[in-house]
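Q: with the input below, show me the fold.
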Amino acid sequence: MTMNFPTRPGVFTASLTPLDPDSSPDLNQLVSHVKWLLGQGSDGVALLGSTGEANSLTMEQRLAIIEHAPKELPPEKLMLGTGSCSLQDTISLTRASLKSGVFTVLVLPPFYYRPQSEEGAFSYFSQLIDTVSEERLRIIFYNFPQLTGFSFSLELLMRLRERYGAVAAGIKDSSGDWDNMKMLAREMPDFSVYAGTEKFLLDILREGGAGCITATGNLTSPACREVYRAWRSGNAEEAENAQQVLTRQRLTLQQKPFVSGLKALLQQSVPDLRWNNLLPPFVPLSQEEITAFSEEAHAAGIQLPVRD
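A: This next block holds a predicted model:
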């Protein structure tokens, strides 16, 4: 199947950020985790997203990840979160991403002084693109209205696309609104539309979308790979069956807050990696919750990692 997207299609996992006891990112452990995710079936990995606790990290910590990760990982398989309430911080993080060799960035709208109009959002992103001034830049707009209070409209995205071409490359839609995702994929066929959940992976592929960017890919990458592989090979029945398995896994994992729940399951299986370290306001699950959650994950067919 021919797909001409301005960014890498497929399944991206929104990676967790492993933390040392002093709450600083463990850069070596992060690289190890991303390598594992790529080996498990992720086509790419998004760092410094919501699942990565990016907006609880300092600028210095985010810059350290941006500078270090592409030295150890294939830059073309990375997507870096550079969105911030401060436009100047967003510009600095985006420039750092480009300098590191990663040209695809995931950008939230400003989410405290949220845009009072679409003109305000257009101004924010226009200033970002004009100031960075790099034709190789590819922005994935991050639509997560439950957290940001702002939703990207078709009109705004088309306006940005018309003005900036492939630089305004796509969207991660974490709204949960399937009708909106479908509409975007149909109305903007040269735009990379990623569902924010693998629950809609097969659906968005059928509509001409690019794939998904998902938090639970930290544990569902093998099942995601089966759906994507079957769809790419044209085996509709196999893809549908694989999607049913994947959806069950997703629904199981989303019962708990993603950061707390996913880190708890990883900590259970790889205790030496200290996945139990969280940044406030996240709090760890109780041991009773972890035990029950692990059993539910196993029943859904989720294979927890075993690594040396």
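
Q: please report phi then psi for Met79.
A: Its backbone dihedrals place Met79 at phi -130, psi 130, with angles given as degrees, to the nearest 10.

Q: let me fix that, I meant to ask about Phe191.
A: phi -120, psi 140.

Q: how about it, nearest residue that isn't a chain neighbour?
A: The shortest distance from Phe191 to any residue other than its chain neighbours is 5.5 Å, reached at Gly170 (CB to CB, 6 or more residues apart in numbering). Backbone N, C-alpha and C define where each C-beta goes, glycine included.

Q: for the one you found, list the residues it contacts.
A: Under the criterion of CB atoms under 8 Å, 6 or more residues apart in numbering, the contact partners of Gly170 comprise 5-7, 138-141, 191-194, 210.

Q: residues near Ala54, how many?
A: Around Ala54 sit 25 other residues, with neighbours defined as other CB atoms under 10 Å.

Q: per-residue confidence at the closest residue to it other than its chain neighbours?
A: Distances taken as CB to CB, 6+ apart put Leu48 closest to Ala54, at 4.0 Å, once the chain neighbours are dropped. Looking at Leu48, its pLDDT stands at 98.

Q: is Leu48 in contact with Met79, as I believe?
A: No. Counting by CB atoms under 8 Å, no contact exists between Leu48 and Met79, whose distance comes to 9.1 Å.

Q: mind listing the shared neighbours of the two?
A: Listed as contacting both Leu48 and Met79 by CB under 8 Å, 6+ apart are Leu106.

Q: which parts of this protein are strands?
A: Defined through DSSP state E, the strands belonging to the chain, from first to last, are 10-14, 44-47, 78-81, 104-107, 138-143, 168-173, 192-195, 211-214.

Q: which residue is the nearest non-sequential neighbour of Leu246?
A: Ala223 (4.3 Å).

Q: which residues touch the nearest residue in space to Gln254 that is not next to it in sequence?
A: Here the nearest residue to Gln254 in space, its sequence neighbours aside, is Thr216; by CB to CB, 6+ apart that works out to 6.7 Å. Counting by CB under 8 Å, 6+ apart, Thr216 makes contact with 197-198, 249-250, 253-254, 258, 262.

Q: just the buried subset of those residues, please.
A: Burial by neighbour count, 16 or more other CB atoms under 10 Å: within the contacts of Thr216 this picks out 197-198, 249-250, 253, 258, 262.

Q: got CSV for those, with pLDDT and distance to Asp179 too?
A: Shown next, in CSV, are the buried ones among the contacts of Thr216 (pLDDT from 0 to 100; distance: CB to CB, whole Å):
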residue, pLDDT, distance to Asp179
Thr197, 98, 14
Glu198, 98, 18
Gln249, 98, 24
Arg250, 98, 19
Leu253, 98, 24
Phe258, 96, 24
Leu262, 97, 28
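
Q: which one of the residues you listed is nearest Leu19?
A: Compare each of those with Leu19 using CB to CB and the shortest gap goes to Leu262, at 13.3 Å.

Q: make a markdown table out of the strands of the chain and add distance to Glu53.
A: Compiled in a markdown table, the strands of the chain are given as follows (distance: least, CB to CB, whole Å):
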| stretch | distance to Glu53 |
| --- | --- |
| strand 10-14 | 11 |
| strand 44-47 | 11 |
| strand 78-81 | 10 |
| strand 104-107 | 14 |
| strand 138-143 | 15 |
| strand 168-173 | 17 |
| strand 192-195 | 20 |
| strand 211-214 | 16 |
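
Q: between these, which gets nearest to Asn55?
A: Taking CB to CB as the measure, the strands of the chain were each checked against Asn55, and strand 78-81 came out nearest at 8.7 Å.

Q: note down every partner strand of the closest one and its orientation.
A: Within its sheet, strand 78-81 is paired with strand 44-47 (parallel), strand 104-107 (parallel), according to DSSP bridges.
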